[in-house]
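Novice: Just a sequence and a predicted model for now, questions to come.
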Amino acid sequence: MNRTSRDERSRTYVARRTVEGESPREIQRCLKRHIAREIYTLLIDPPAVQSVDDLRPLRHNTGLSMQSVTDHFNVSLTTISRTERAIKLNYEFASRYRAWLKE
C-alpha cells in the first residue's frame, strides 16, 4: 500500500492494470509478487558498494580539517566522523565527499 502511494513505477503499474480491467485485489497480488522478485534479486546478487576506508586518509593527505569539510558540505562533524568510520553510512554522501576530496 505504501509503495502504491509513493513509488512512481508502482502508480504507473496500477494505473495501467486498472485500465486493462484488473480488480484492485488482483493488482495488489501481482504487485506483491513483483516486489518479492525485486527483493530476492537484491538478496541473491546485491549491488556492489564502494568502501569508505579511503575517506579519512584522503582527507588527511589533502590537509583538510573535519571543520573545513563540514563547512563545505553543511553537515555536522558527527556526520563526517561516522561516514569516515563506516558507522552510519550514506553512500550518496560518501561518493560526493570522495569526489570532492579527489578534486
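Specialist: Nice, thanks for sending it over.
Novice: elements contacting the longest helix seen in the chain?
Specialist: What stands out as the longest helix in the chain, according to DSSP state H, is helix 24-44. For helix 24-44, the elements it packs on are helix 2-6, helix 8-19, judged by 3 or more C-beta pairs under 8 Å, 6 or more residues apart in numbering; DSSP states H and E. C-beta: built from backbone N, CA, C; applies to glycine.
Novice: pLDDT (mean, whole number) over the last one?
Specialist: To tie it back to what came earlier, the one meant is helix 8-19. Model confidence over helix 8-19 averages 92 on the pLDDT scale.
Novice: helix/strand/coil for the residue nearest to residue 91 when sequence neighbours are not counted?
Specialist: Sequence neighbours aside, residue 49 is the residue nearest to residue 91 in space, at 6.1 Å (criterion: C-beta to C-beta, 6 or more residues apart in numbering). Under DSSP: H, G, I helix; E, B strand; the rest coil, the three-state class of residue 49 is coil.
Novice: Now do stretch 31-47, average pLDDT.
Specialist: Averaging pLDDT residue by residue across stretch 31-47 gives 91.
Novice: tell me the domain boundaries of the chain?
Specialist: 2-44, 55-102 (automatic domain parsing).
Novice: Tell me which of the ones you listed is the most buried.
Specialist: Sort the domains of the chain by mean neighbour count, taking mean count of other C-beta atoms under 10 Å, and domain 55-102 sits at the top with a mean of 14.
Novice: Quick one: end-to-end length of it, please.
Specialist: 10 Å (C-alpha to C-alpha, to the nearest Å).
Novice: circling back: for the residue nearest to residue 91, what are phi and psi?
Specialist: Residue 49 adopts backbone torsions of phi -120, psi 130, taken as degrees, to the nearest 10.
Novice: my guess is it meets residue 92, correct?
Specialist: No. Using C-beta atoms under 8 Å as the test, residue 49 is too far from residue 92 to be in contact (11.3 Å).
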